[in-house]
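Chemist: Based on what follows, work out the 3D shape:
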Amino acid sequence: MPKIDYKKQLKEFYRPSAKKVVEVNIPKMNFLMVGGHGAPETTEYKEAIEALYSVSYTLKFMIKKGDIGIDYGVLPLEGLWWADDMSDFINDNKSKWIWTMMIMQPELVTKNLVQAAISQVRDKKNLPAIDKVKFEQFQEGKCAQTLHVGPFSEEGPTVERVHSFIAETGNELIGKHHEIYLTDIRRAAPENWKTVIRQPMS
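Modeler: Numbering: from 1, shown residues only. Below is the predicted model of the structure:
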């Protein structure tokens with residue numbers, strides 16, 4: 001059975017260097033998404049993550065065991081973060097944060113498969129956020145990104161490097177602060193956590 005490593009295929013987007021900030025052009029891709037408000041410590045956030053992973057892994061096994069017969073690794077969790085007043089985001093006022101958490105889905109995944117997977121998860125588990133899961137296309141276009149290594153609380157200087165790169169290249173920040181979580185934080189020490197920091201620009 002063939003197995004596809006999408007992180008390797010898309011390494012330009014999912015395996016950046018921590019040594020420098022680079023410009024990338026992110027194409028249109030399909031995502032499972034759940035939106036919400038507040039800090040990552042909230043029940044709403046945790047329920048969103050559980051629903052996203054449950055549907056993503058159900059899709060993986062449906063494709064592996066079904067007519068398609070292809071195995072692949074589930075892509076990492078990603079998050080778009082912002083606030084109505086961006087000073088709340090900059091000043092760490094987490095109760096005012098707004099987020100969309102998401103997991104990219106390969107082209108093998110169709111709307112019909114997603115609907116079937118959601119129904120399957122709904123029947124097997126009592127997940128409060130399952131009806132919030134959406135399947136949507138998302139295209140960021142031109143972005144600056146780099147890799148942050150360390151705890152989330154120490155991302156500030158890395159984010160500043162990305163913003164400085166955007167200004168120095170004659171561009172402006174647009175869109176939402178984007179993070180891609182490459183590390184299972186339950187199994188790694190905080191100093192080893194790897195997070196892609198991405199910012200759309202124009």
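Chemist: Spatially central residue in this structure, please.
Modeler: residue 78 (1.1 Å; Cα atoms, centre = their mean).
Chemist: what about residue 198, neighbour count?
Modeler: Other residues within reach of residue 198, judged by other Cβ atoms under 10 Å, total 24. Every C-beta, even on glycine, is put in place using the N, C-alpha and C of the backbone.
Chemist: wait, residue 130
Modeler: 19.
Chemist: Check residue 183 too.
Modeler: Look at residue 183: counted by other Cβ under 10 Å, it has 15 neighbours.
Chemist: Residue 158 now?
Modeler: Residues lying near residue 158 (other Cβ under 10 Å) number 18.
Chemist: and whatever helix or strand it lives in, how far out from the chain's middle?
Modeler: Secondary structure from DSSP states H and E places residue 158 in helix 156-168. Remark: helix 156-168 is offset 20 Å from the chain centroid, using Cα atoms, centre = their mean, to the nearest Å.
Chemist: Flag every buried residue along it.
Modeler: Residues of helix 156-168 classed as buried by neighbour count (16 or more other Cβ atoms under 10 Å): 158, 159, 161, 162, 163, 165, 166.
Chemist: which one of those sits closest to residue 188?
Modeler: Nearest to residue 188 among those is residue 158, at 17.5 Å by Cβ to Cβ.
Chemist: who touches the residue lying closest to the closest one once chain neighbours are set aside in this structure?
Modeler: Closest residue to residue 158 apart from its sequence neighbours, by Cβ to Cβ, 6 or more residues apart in numbering: residue 148 at 4.1 Å. Contacts for residue 148 (Cβ atoms under 8 Å, 6 or more residues apart in numbering) come out as 18, 154, 155, 158, 194, 195, 196, 197.
Chemist: Okay, residue 148 and residue 98: tell me how far apart.
Modeler: The gap separating residue 148 from residue 98 is 21 Å, by Cβ to Cβ, to the nearest Å.
Chemist: Repeat that for residue 43.
Modeler: 16 Å.
Chemist: and those two? which has more neighbours close in?
Modeler: residue 98 (16 against 10).
Chemist: Having no further points to raise, I will conclude here.
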